[in-house]
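K.L.:
coordinates only, sequence not included:
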Ligand SMILES: C[S@@+](CC[C@H](N)C(=O)[O-])C[C@H]1O[C@@H](n2cnc3c(N)ncnc32)[C@H](O)[C@@H]1O
């Protein structure tokens with residue numbers, strides 16, 4: 001018998017990386033915010049405390065089914081590709097793990113953890129207002145220095161604002177201002 005995975009199981013359970021980024025973005029304030037790759041909707045829900053208009057996207061419809069329990073504005077699309085408009089703040093807990101191929105969309109990021117993340121940030125850079133910010137989480141497991149160089153070419157000024165050592169990696173939060 002074919003095993004069927006329930007759509008509702010198809011999302012990233014909030015973990016150490018989620019909580020680290022949540023603590024950081026909890027201090028941000030503004031009118032509009034976008035959470036790309038929202039998973040369970042945890043980060044979008046945190047943003048709802050300090051932003052009037054919050055949108056969450058994910059490539060997984062199963063994730064959005066879960067996120068919709070917390071966030072009214074959910075869009076199923078690649079990165080921010082279906083979004084028309086600009087936001088004060090865009091956040092993303094990226095799928096940054098280096099991988100040969102994408103077997104698990106919640107974590108696999110292709111070569112050096114750059115393949116998926118570069119595309120996501122390129123799309124994100126088009127929906128943040130001038131002087132607005134993108135805040136993303138990556139890790140020492142990925143080539144985050146190269147990712148920062150790439151974000152500069154997207155018209156963003158990236159800066160590492162926080163780090164957290166875990167047992168096998170260091171989490172890195174990068175803030176980029178749109179110039
Ligand atoms: C590491 S999980 C983070 C989930 C959640 N934001 C959190 O912090 O708990 C990455 C999320 O990005 C989503 N994702 C992966 N590739 C994507 C893409 N190209 N566009 C939109 N979402 C994507 C995955 O489905 C997953 O929900």
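P.N.:
Good, I have the coordinates. This structure is a prediction, so every number in the text was calculated from the model and none was measured. Numbers count the residues shown, from 1 in each chain.
K.L.:
C-alpha from now on. contacts and neighbour counts both.
P.N.:
Will do.
K.L.:
where does this protein have low pLDDT?
P.N.:
The chain contains residues with pLDDT under 70 at 1-9.
K.L.:
tell me, what residue is most central in it?
P.N.:
Centroid-nearest residue in the chain, with Cα atoms, centre = their mean: residue 92, separated by 1.6 Å.
K.L.:
and the lengthiest strand in the chain, does that touch the ligand?
P.N.:
The residue-count maximum for a strand in the chain (DSSP state E) belongs to strand 128-139. No: interface with the ligand: strand 128-139 contributes nothing (Cα under 6 Å from any ligand atom), its closest point being 8.7 Å away.
K.L.:
re the thing from before, ok, now which ones touch the residue nearest to the centre of the chain?
P.N.:
Contacts of residue 92 were listed using Cα atoms under 8 Å, 6 or more residues apart in numbering, and they are 35-38, 134-137.
K.L.:
hang on, the earlier thing: can you mark which positions in the helix or strand following the longest strand of the chain are buried?
P.N.:
The helix or strand immediately downstream of strand 128-139 is helix 144-152, counting by DSSP states H and E. Going by neighbour count (16 or more other Cα atoms under 10 Å), the buried part of helix 144-152 is 144, 147-148, 150-151.
K.L.:
sorry, back to before: between the longest strand of the chain and helix 144-152, how many degrees?
P.N.:
Counting by axes from the mean of the first three to the mean of the last three Cα atoms, to 10 degrees, strand 128-139 points 170 degrees away from the direction of helix 144-152.
K.L.:
check which residues of strand 128-139 are buried.
P.N.:
Buried positions in strand 128-139, judged by neighbour count with 16+ other Cα under 10 Å: 128-130, 132-139.
K.L.:
tell me how many other residues crowd the closest residue to residue 126 other than its chain neighbours.
P.N.:
In space, and not counting its chain neighbours, residue 126 is closest to residue 86: 7.6 Å by Cα to Cα, 6 or more residues apart in numbering. Residue 86 is flanked by 18 other residues according to other Cα atoms under 10 Å.
K.L.:
now the helices for this protein?
P.N.:
Remark: helices assigned in the chain by DSSP state H are 16-25, 42-47, 61-67, 115-125, 144-152.
K.L.:
and this protein, which residues reach the ligand?
P.N.:
For the chain, the contact set with the ligand under Cα under 6 Å from any ligand atom comprises 11-14, 18, 36-39, 58-60, 78-79, 93-95, 105-107, 120.
K.L.:
filter these to the buried ones?
P.N.:
Using 16+ other Cα under 10 Å, the buried members of the residues of the chain next to the ligand are 11-12, 18, 36-39, 58-60, 78-79, 93-95, 105-107, 120.
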